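*Asks:* Build the 3D model from these lines:
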Amino acid sequence: MARYYFDIRHGTDLLRDDEGAEFDSLDAAIRGTARSAAEIGTDRLARGDLSDVVIEVRNEHDQRVVTVTASMKIERHELSSPPPDLGQA
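*Replies:* Okay, here's the model as predicted:
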């Protein structure tokens, strides 16, 4: 088991994880990070915050090994006016 640390970046702020968590592999840590990023994004969306969720993962040697980014993009499309009613012939 290896210990990984999950630092959350929000703009220029970094919330550093000093506790970490143990995972069987880096792939398992990445899957856990992706789930966490989705949960954080869901919480932010409920507050109207559409900013990216960025989690930087460090190993037990304090080396950054992966960055997971979850993004929410919303595009509004202008509706054109409805087609004219051609009526029944």
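*Asks:* For Arg58, which non-adjacent residue is spatially closest?
*Replies:* Tyr5 (4.3 Å; C-beta to C-beta, 6 or more residues apart in numbering). In short, each C-beta sits where N, CA and C put it, glycine included.
*Asks:* for that neighbour, phi and psi?
*Replies:* Main-chain torsions, Tyr5, degrees, to the nearest 10: phi -120, psi 140.
*Asks:* Let me know whether it touches Glu22 as I believe.
*Replies:* No. Tyr5 is not in contact with Glu22 according to C-beta atoms under 8 Å; the separation is 11.0 Å.
*Asks:* more crowded one of these two?
*Replies:* Comparing Tyr5 with Glu22 by other C-beta atoms under 10 Å, the one with more neighbours is Tyr5, at 19 against 11.
*Asks:* In contact with the more buried one, which residues?
*Replies:* 16-20, 57-59, 62 (C-beta atoms under 8 Å, 6 or more residues apart in numbering).
*Asks:* can you rerun that using 10 Å?
*Replies:* 16-21, 29, 56-60, 62, 64-65 (C-beta atoms under 10 Å, 6 or more residues apart in numbering).
*Asks:* Over to Asp49?
*Replies:* 10, 40-41, 43, 72.
*Asks:* can you check Leu15 too?
*Replies:* 6-9, 55 are the contacts of Leu15 under C-beta under 10 Å, 6+ apart.
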